[in-house]
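[1] need the 3D shape of this:
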Amino acid sequence: MRQTWRWFGPRDKVTLSDARQAGVEGIVTALHHVPTGEIWRPEEIEKRQREVAFAGDGSMNHLKWEVVESLPVSEAIKTQTGDWRAHIVHYRRSLENLARAGIEVICYNFMPVLDWTRTDLAWPVAHGGKAMRFDLFDFAAFDIHILKRSGAAEDFLPEVAAEGEKRFRAMSEDRRKELAANVTAGLPGAVESWSLPELQEHLSTYDGISPDRLRKNLIDFLAEVAPDAERLGLRLCCHPDDPPFPLLGLPRIMSREADYVAVLDAVDISANGVTFCTGSLGARPDNDLPAMVRRLAPRIHFVHLRNVRRDTEETPCSFFEDEHLSGQTDMVAVVAALLDEEKRRRGEGRADAEIPMRPDHGQDILDDLHRGAQPGYPAIGRLKGLAELRGVMAGLNFGR
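    You can find the predicted model right below:
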């Protein structure tokens with residue numbers, strides 16, 4: 001697999017020099033400053049390519065922008081309201097501009113309102129480092145007592161709602177503010193975050209939108225853009241829900257293998273594919289990740305490798321982001337299945353035989369604890385994960 005690294009642009013406190021020292025082969029980034037729904041213009045794409053290729057002193061970084069993460073899909077497209085048709089036209093133009101720039105892999109997601117959700121961005125773990133965590137009871141406290149969403153209490157089991165109330169009453173005002181800020185944080189790397197009234201307003205736009213309706217809207221979107229991607233030689237890959245179960249009364253439609261199969265079958269062309277994220281999908285105990293890789297393999301265009309440890313085996317559940325080889329996902333089996341798929345593709349002569357992967361997230365350890373990097377994207381924690389994954393790949397490839 002091709003080893004890549006997510007970079008959030010010039011303001012990222014983990015630099016491209018850090019990425020080079022980690023030994024990565026390519027960069028995953030996006031135009032985070034361009035508002036969702038607008039066109040990614042050639043000059044902005046080229047500027048970011050130059051930023052990746054050249055260091056501040058003009059020397060070569062010897063890196064290229066190889067994967068887009070993410071080219072975001074607007075809420076208007078997801079709900080098919082407002083300017084959604086214009087936004088699809090803009091998305092198609094952005095794909096054309098990315099293709100002309102030579103960037104072939106485009107990751108996106110179709111999560112309503114919140115693109116990922118954590119209750120803790122720096123949760124202490126046993127060895128003294130920090131990790132991101134989703135705590136179901138704290139989330140219930142937020143949903144029922146801080147956001148005060150109508151009908152929220154009915155969306156939780158009675159014992160979860162009761163514990164959420166207990167947690168809320170025990171929270172300091174600072175913790176309540178911190179929890180609200182953590183939950184309402186936007187897409188990683190984006191500049192937006194929402195106030196509670198703004199979040200309530202966005203949630204209301206999904207009133208009456210069922211999972212089936214949202215899935216239809218995704219299929220309609222792909223029916224428009226995936227043929228363009230195929231013609232342009234691009235590979236679109238949908239990231240799973242994070243976490244992979246309903247939150248805030250919103251539908252979630254990309255949480256299980258059956259969800260992917262429905263969408264891949266509906267728009268059955270090779271450009272319509274999967275971002276296989278072991279962390280997101282691993283938060284559901286009923287997802288058998290090695291088996292999912294083997295069955296979805298021909299349409300996996302991009303891979304995020306990270307691990308989580310669930311508190312319980314129910315869905316939904318609390319979990320935290322564990323070390324890459326220490327969580328409940330059999331990472332060795334997942335990597336083995338991906339390497340088998342690469343071998344199969346090479347036998348077919350596929351141009352995309354080498355699948356780009358990145359070490360997703362990482363725990364804050366050592367100097368990460370003081371760097372203040374993007375939550376989930378420390379330098380040393382990701383380097384440790386990449387080194388472990390690199391070792392797994394080397395061991396599995398030995399003698400093949």
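
[2] correct me, but Glu96 touches Ala229?
    No: using C-beta atoms under 8 Å, Glu96 makes no contact with Ala229, being 9.9 Å away. Placement of C-beta: from N, CA and C, glycine included.

[3] which ones are touching Ser70?
    Ala30, Ile106, Cys107, Tyr108, Asn109, Leu187, His239 (C-beta atoms under 8 Å, 6 or more residues apart in numbering).

[4] which two of those residues have the greatest separation?
    Ile106 and Leu187 (14.6 Å; C-beta to C-beta).

[5] paired strands for the helix or strand where Gly273 lies, with orientation please.
    In this structure, Gly273 sits in strand 272-277 according to DSSP states H and E. Sheet partners assigned to strand 272-277 using DSSP bridges are listed as strand 235-239 (parallel), strand 300-305 (parallel).

[6] nearest to Leu203, of these?
    strand 235-239 (20.9 Å).

[7] what does that closest one rub up against?
    In contact with strand 235-239 (C-beta under 8 Å, 6+ apart) are residues 70, 104-110, 218, 222, 225-226, 229, 254, 260, 263, 270-275, 277, 280, 300-302, 304, 352.

[8] the stretch 1-150 of the chain: helices as residue ranges?
    Counting by DSSP state H, counting those that start in this stretch, residue ranges of the helices within the stretch 1-150 of the chain are 16-22, 42-53, 75-79, 84-100, 136-141.

[9] need the winner for burial among those.
    With neighbours taken as mean count of other C-beta atoms under 10 Å, the helices of the stretch 1-150 of the chain reach their highest mean count in helix 136-141, at a mean of 24.

[10] moving C-terminal from that helix, which element do we reach first?
    Using DSSP H and E, the helix or strand that follows helix 136-141 towards the C-terminus is helix 158-170.

[11] the helix or strand following that following helix vs helix 158-170, what angle?
    As assigned by DSSP H and E, the chain's next helix or strand after helix 158-170 is helix 173-183. Angle of helix 173-183 versus helix 158-170, following axes from the mean of the first three to the mean of the last three C-alpha atoms, to 10 degrees, is 130 degrees.

[12] what's in contact with helix 173-183?
    114, 117-121, 138-139, 141-142, 146-147, 168, 171, 193, 196.

[13] quick check: buried residues in the next helix or strand after it?
    For helix 173-183, the following helix or strand on the C-terminal side (DSSP H and E) is helix 196-204. Across helix 196-204, burial judged by 16 or more other C-beta atoms under 10 Å covers Leu199, His202, Leu203.

[14] closest to Ile365 out of the helices of the stretch 1-150 of the chain?
    Of all those, helix 16-22 sits nearest to Ile365, with 14.1 Å by C-beta to C-beta.

[15] which one of the contacts of Ser70 has the most neighbours?
    Ile106 (27 neighbours; other C-beta atoms under 10 Å).

[16] can you spell out the domain ranges of this protein, please?
    Domains of the chain are assigned by automatic domain parsing as 2-116+209-397, 117-185.

[17] what about the shortest one, how long is it end to end?
    Put plainly, it is domain 117-185. 8 Å (C-alpha to C-alpha, to the nearest Å).

[18] try the longest one
    Length of domain 2-116+209-397, first residue to last, C-alpha to C-alpha: 14 Å.

[19] next one: stretch 58-71
    28 Å.

[20] buried residues, it. List them.
    Asn61, Leu63, Trp65, Glu66, Val67, Val68, Glu69, Ser70, Leu71.

[21] was I right to think the fifth one contacts Ile355?
    No: with contacts counted by C-beta under 8 Å, Val67 stays clear of Ile355, the gap being 10.7 Å.

[22] so who does Leu16 touch?
    Applying C-beta under 8 Å, 6+ apart, the residues contacting Leu16 are Trp7, Ile27, Val52, Ala55, Asn61, Leu63.

[23] the residues you listed into a markdown table, with extra columns for distance to Arg294 and pLDDT?
    Listed next are the contacts of Leu16 as a markdown table, based on distance: C-beta to C-beta, whole Å; pLDDT from 0 to 100:
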| residue | distance to Arg294 | pLDDT |
| --- | --- | --- |
| Trp7 | 31 | 97 |
| Ile27 | 29 | 98 |
| Val52 | 33 | 96 |
| Ala55 | 41 | 78 |
| Asn61 | 36 | 85 |
| Leu63 | 32 | 95 |
